[in-house]
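Chemist: got a structure for you, letters missing:
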């Protein structure tokens, strides 16, 4: 299959002098927006006790542990800003991402021991479930840095129980074990109750000498029967008992290494635990990249830095998706599937780090005369029409057949609406695409370049495809909403305007509400908001997008659950004709 | 020698960034059209002078309508 993949068709053109001149303002605006994002990320990384205070206790911080554990330059953080329950701690108290350990991709997650000694807090279980889903989707080992003091007792009602509560994560570990995906755990500190299960539920346990894991902690003074409430006498009794309380935490190394043997290894130094994990990762199943690469890796012909000139900050400005793609894929090369059909969607094969991937993206701008063919109005990129939906169904189905990971790019305002669109079967074709995706069983990643809106956000590889979407990225220009704020205000208040007008009432109060709604839609669709709510798994700099695509492709091909021999692929032949 | 700058789509003229007689360079943004809530910029195809403008802001234009003449 070398002739198909070694040198594919060129895509994109070098920027002209005029384009460079015209895009200076856009570049500056995007860099400014990214500075704000970087500050937000830095703030979240530094919540809790300062590093010096943790180090003075003889411990490393979660970040120091990660830095020691990971291969340099391989960290691709996810969920940094995720805080769906608006915790005062500003995080879910775990940090996670994709990274390489001993040359192998892994999903890595660690409790932030700078905050409440790594306690469970609201939103954390949802974060962990995203991480276990990621390991499952990419068939990658999950590496834990456990350091969990248990439940934050003052907010237990928000996360302790329930179908997706903190205990669900232990079932996910069991599920990964059943799937043959190892969960390796480096264990530090005191880990009672929930922390104990965080420690015991993985596959292999690497313990620091001072750690413990236990069904319950020794931190609760016992010996008082519940009496319904507290009074002065009981408070005095508690003070006495607490002063005499000298119990050591149960489940220390002396128990779980010497007696039960739950801990497979014990290390004197914190870094020893990490060395143990690194040693194990050397033996994790992983194909040599040459097994699946279709060509030697190469950088794009055009620099990813030029993305800052090509993706408009102005939300209404059209741009050329093909030029974006040319700054992201190996050699700025591709093979496009059905270029003359469904012009609003790009579908094609590209190489990322030498691996073959499928790419899907919304094209922008005017779509030419007589398109869509079923209506008497013009079509515009970003919307989905009949041909585009049929093409997507075909392409995704063939990707599933050929076992090709799919990288989606969204900038969509939705699926075409109206009676003509209904007669053109768009409702069913959208759902058909959902069926096609669900049918594939290949990993996918999504970047919402600009708009992710309406049902199109669901069907274009969005995170709602939970079994397939490994992660969803945003950039500084991302906005996600059911519809634009002004459209929503019209939908919500147009009848009210008529009523007030007919009643002879002033319109100002309604107009004020409409403008308030527009502002709320704007504020609640920004990238930082979307990342905090979990609509995005991470907001990244434009010049890091290709890194994440490489991490995705490398992970997807490290140990795939099923393969299609290159010479038995159909999609490249369909493209060639 | 003159060159007609044509509208690539049907829409409204939202903004005109030049006036007749202006010297322009290739890729300068001379007009912005609006259609279906999206802005489509019209760039100068080459260096030259705006000989005449055939539209004004707010005008509706059809596909292939002459927007300006460059010399």
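Modeler: Looks like it arrived, so ask away. If you're wondering where the values come from, they're calculated on a predicted model, not measured in any experiment. Numbering: from 1, shown residues only, chains lettered A, B, ... in the order given.
Chemist: and the residue in chain B positioned nearest to chain A, how many neighbours?
Modeler: In chain B, the residue that lies nearest chain A is residue B:27 (2.0 Å; CB to the nearest CB). C-betas here are computed from N, CA, C, even on glycine. By the criterion of other CB atoms under 10 Å in any protein chain shown, residue B:27 has 21 neighbours.
Chemist: Distance from the chain centre to stretch A:242-250, please.
Modeler: The chain centre lies 42 Å from the centre of stretch A:242-250; the measure is CA atoms, centre = their mean, to the nearest Å.
Chemist: got the end-to-end distance for it?
Modeler: Stretch A:242-250 has an end-to-end distance of 17 Å (CA to CA, to the nearest Å).
Chemist: Please, where are all the strands along the stretch 451-577 of chain A?
Modeler: For the stretch 451-577 of chain A, the strands defined by DSSP state E, counting those that start in this stretch cover A:469-474, A:479-481, A:538-539.
Chemist: again with the stretch 151-300 of chain A
Modeler: In the stretch 151-300 of chain A, the strands defined using DSSP E, counting those that start in this stretch lie at A:183-187, A:190-192, A:204-208, A:212-214, A:265-267.
Chemist: could I get those as JSON lines with mean neighbour count and mean pLDDT?
Modeler: Compiled in JSON lines, the strands of the stretch 151-300 of chain A are given as follows (neighbours: other CB atoms under 10 Å in any protein chain shown; pLDDT from 0 to 100):
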{"stretch": "strand A:183-187", "mean neighbour count": "25", "mean pLDDT": "98"}
{"stretch": "strand A:190-192", "mean neighbour count": "25", "mean pLDDT": "92"}
{"stretch": "strand A:204-208", "mean neighbour count": "24", "mean pLDDT": "97"}
{"stretch": "strand A:212-214", "mean neighbour count": "26", "mean pLDDT": "93"}
{"stretch": "strand A:265-267", "mean neighbour count": "19", "mean pLDDT": "98"}
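Chemist: and those as CSV, adding distance to residue A:115?
Modeler: Shown next, in CSV, are the strands of the stretch 151-300 of chain A (distance: least, CB to CB, whole Å):
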stretch, distance to residue A:115
strand A:183-187, 18
strand A:190-192, 15
strand A:204-208, 19
strand A:212-214, 20
strand A:265-267, 24
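Chemist: okay, which residue is most central for chain A?
Modeler: Centroid check for chain A by CA atoms, centre = their mean gives residue A:537 as the closest residue, at 2.8 Å.
Chemist: these two touch, right, that one and residue A:79?
Modeler: Yes: using CB atoms under 8 Å, residue A:537 is in contact with residue A:79, at 5.9 Å.
Chemist: I'd like the strands of the stretch 151-300 of chain A laid out as JSON lines, including distance to chain B.
Modeler: Output for the strands of the stretch 151-300 of chain A, formatted as JSON lines (distance: least, CB to the nearest CB, whole Å):
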{"stretch": "strand A:183-187", "distance to chain B": "47"}
{"stretch": "strand A:190-192", "distance to chain B": "54"}
{"stretch": "strand A:204-208", "distance to chain B": "54"}
{"stretch": "strand A:212-214", "distance to chain B": "57"}
{"stretch": "strand A:265-267", "distance to chain B": "59"}
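Chemist: before we move on, the earlier item: between residue A:537 and residue A:79, what contacts are shared?
Modeler: Common contact partners of residue A:537 and residue A:79 (CB atoms under 8 Å, 6 or more residues apart in numbering or on different chains): A:130, A:531.
Chemist: confidence score at the residue nearest to the centre of chain A?
Modeler: For residue A:537, the pLDDT comes out at 98.
Chemist: Give me the neighbour count for the closest residue to it other than its chain neighbours.
Modeler: Of all residues not flanking residue A:537 in the chain, residue A:471 sits nearest, at 4.1 Å (CB to CB, 6 or more residues apart in numbering or on different chains). Per other CB under 10 Å, the neighbour tally for residue A:471 reads 26.
Chemist: I'd like the distance between residue A:471 and residue A:461.
Modeler: Distance from residue A:471 to residue A:461, counting by CB to CB, to the nearest Å: 11 Å.
Chemist: Overlap in contacts, those two.
Modeler: Common neighbours of residue A:471 and residue A:461 (CB under 8 Å, 6+ apart) are A:445, A:446.
Chemist: Which residue ranges of chain B form helices?
Modeler: For chain B, applying DSSP state H gives no helices.
Chemist: Spell out which parts of chain A neighbour chain B.
Modeler: A:16-19, A:21-22, A:314, A:316-318, A:364-366, A:369, A:378, A:380, A:382-383, A:413, A:484 (CB under 8 Å from any CB of the partner chain).
Chemist: Tell me which of the residues you listed fall in helices.
Modeler: Per DSSP H, these map to helices at A:17, A:18, A:19, A:21, A:22.
Chemist: Backbone dihedrals for the closest residue to the second one other than its chain neighbours, please?
Modeler: In space, residue A:18 comes closest to residue B:27 once its chain neighbours are excluded; the distance is 2.0 Å by CB to CB, 6+ apart. Taking degrees, to the nearest 10, you get phi 80, psi 0 for the backbone angles of residue B:27.
Chemist: same thing with residue A:77?
Modeler: phi -60, psi 150.
Chemist: before we move on, what about residue A:86?
Modeler: Dihedral angles (degrees, to the nearest 10) for residue A:86: phi 50, psi 50.
Chemist: Now do the contacts for it.
Modeler: residue A:532.
Chemist: Columns distance to residue A:394 on top of the strands of the stretch 451-577 of chain A, output as CSV?
Modeler: Formatted as CSV, the strands of the stretch 451-577 of chain A follow (distance: least, CB to CB, whole Å):
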stretch, distance to residue A:394
strand A:469-474, 20
strand A:479-481, 27
strand A:538-539, 31
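Chemist: Of those, which is nearest residue A:118?
Modeler: Closest to residue A:118 of the strands of the stretch 451-577 of chain A, according to CB to CB: strand A:538-539, at 21.4 Å.
Chemist: which residues are in contact with the closest one?
Modeler: A:37, A:77-81, A:97, A:471, A:473-476, A:478, A:527-528, A:530-531, A:548.
Chemist: Which stretches in chain B count as strands?
Modeler: For chain B, the strands defined by DSSP state E occupy B:3-6, B:11-16, B:23-24, B:29-35, B:38-43, B:48-53, B:60-61, B:66-70.
Chemist: Can you say which of these is nearest to residue A:561?
Modeler: The nearest among these, by CB to CB, is strand B:38-43 at 41.2 Å.
Chemist: The closest one - contacts with which helices or strands?
Modeler: strand B:29-35 (3 or more CB pairs under 8 Å, 6 or more residues apart in numbering or on different chains; DSSP states H and E).
Chemist: Check which helices and strands the strand it packs on sits against.
Modeler: Packed on strand B:29-35, when contacts are counted by 3+ CB pairs under 8 Å, 6+ apart, are strand B:11-16, strand B:38-43, strand B:66-70.
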